[in-house]
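Undergrad: pasting the sequence and the predicted model now:
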Amino acid sequence: MLSRVRKLPSRVMVYFVLAMALFGECGYRGVWAALVAAPGMPDVDPSAAALRQARRRLGSAPLSALFDQLKEPVAAEDAAGSWWRGLRTVAWDSTGILVADSEANRSYCGRASGKNGVCGFPMIRMSALVECGTRVLVDAVLGLWTQAEESECTVLCRALRPGMLLLADRGSKGFALCRSAAATGAQLLWRMSSECSRRCCTLFPTAPTCRCPPGPTNGTGCAGGADTAAQ
């Protein structure tokens, strides 16, 4: 029984997809040329159509499995920017990614809209947890652009651990998300939007008065005032 040996086997296509991330400005043929430029590489010159078919044959499962094996913090104890007082600093945020303008993508993703009109391409949302300093991806979630950032960050809580300090911007709002993140044992340092009411929960012994920034309620920064918060 003869087995077919492909010129573009799956293991080669995994490297090809990774190279696409490094040479994003190139087309398929340009990425392939960069991938095999070193001496001793296979003398294969596939067409763009052959590369496209091989990529579809590969699918997303091998790349997802590879990411699951490699996603973890890597910073050494002396890595600059990765630690604060013994806590490993990580951060999460969300962004939009344009995808190919195909009928399938338009039907599934739709198009984002803003003050300048409708986006020219379908878009997905990616929320990622990154290790500060090294910029290594610890975890990532992909979903529809219409999916709220808070819902994707709730999924990212699965990668938080005790000993981490999670930094986040004002997009990470809501008591439910805060509770999910705190339940992992990680420490939280989040920027909050100005419309959120602030209440001082703890007054430290060395601070006789509340040190919260001024708030819109009574000028003390505490929704109920320093005396009320201390009770």
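TA: Noted; the coordinates are in hand. Numbering: from 1, shown residues only.
Undergrad: so where's this protein shaky on pLDDT?
TA: Residue ranges of the chain with pLDDT under 70: 1-5, 194-231.
Undergrad: the strand with the most length in the chain packs against which elements?
TA: Longest strand of the chain, by residue count under DSSP state E: strand 117-131. Helices and strands touching strand 117-131, by 3 or more Cβ pairs under 8 Å, 6 or more residues apart in numbering; DSSP states H and E, are strand 87-98, helix 103-109, strand 111-114, strand 137-144, helix 149-156. Placement of C-beta: from N, CA and C, glycine included.
Undergrad: adding mean neighbour count, write these out as CSV.
TA: Putting those into CSV (neighbours: other Cβ atoms under 10 Å) gives the following:
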stretch, mean neighbour count
strand 87-98, 18
helix 103-109, 13
strand 111-114, 13
strand 137-144, 17
helix 149-156, 19
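Undergrad: can you add distance to residue 24 and give these back as a markdown table?
TA: Formatted as a markdown table, the helices and strands packed on strand 117-131 follow (distance: least, Cβ to Cβ, whole Å):
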| stretch | distance to residue 24 |
| --- | --- |
| strand 87-98 | 12 |
| helix 103-109 | 18 |
| strand 111-114 | 20 |
| strand 137-144 | 17 |
| helix 149-156 | 23 |
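Undergrad: coming back round to it: got the angle for the longest strand of the chain vs helix 149-156?
TA: Strand 117-131 and helix 149-156 meet at an angle of 30 degrees, taking axes from the mean of the first three to the mean of the last three Cα atoms, to 10 degrees as the criterion.
Undergrad: what's the angle between strand 117-131 and strand 87-98?
TA: Using the same axes, to 10 degrees, strand 117-131 lies at 160 degrees relative to strand 87-98.
Undergrad: can you check which helix is longest in the protein?
TA: helix 10-22 (DSSP state H).
Undergrad: distance check, the residue nearest the centre of the chain against residue 174.
TA: In the chain, the residue lying closest to the centroid (Cα atoms, centre = their mean) is residue 128, at 1.1 Å. Separation of residue 128 from residue 174 (Cβ to Cβ, to the nearest Å) stands at 19 Å.
Undergrad: kindly report the same for residue 114.
TA: Distance of residue 114 to residue 174, given as Cβ to Cβ: 23 Å.
Undergrad: residue 157 too?
TA: Taking Cβ to Cβ, one finds residue 157 at 13 Å from residue 174.
Undergrad: neighbour count winner among the two?
TA: residue 157 (19 against 15; other Cβ atoms under 10 Å).
Undergrad: which SSE is the residue nearest to that one when sequence neighbours are not counted in?
TA: Using Cβ to Cβ, 6 or more residues apart in numbering and skipping the chain neighbours, the partner closest in space to residue 157 is residue 180 (4.8 Å). Secondary-structure element containing residue 180, defined by DSSP states H and E: helix 175-182.
Undergrad: wait, is residue 68 part of a strand?
TA: No - with DSSP: H, G, I helix; E, B strand; the rest coil as the criterion, residue 68 is helix rather than part of a strand.
Undergrad: and it, how many neighbours does it have?
TA: Considering only other Cβ under 10 Å, residue 68 is surrounded by 10 other residues.
Undergrad: also residue 54?
TA: Residue 54 has 19 nearby residues by other Cβ under 10 Å.
Undergrad: if I look at it, how far off is residue 24?
TA: If you measure residue 54 against residue 24 using Cβ to Cβ, the figure is 19 Å.
Undergrad: for residue 30, same thing?
TA: Counting by Cβ to Cβ, the gap from residue 30 to residue 24 is 10 Å.
Undergrad: right, I'll leave it there.
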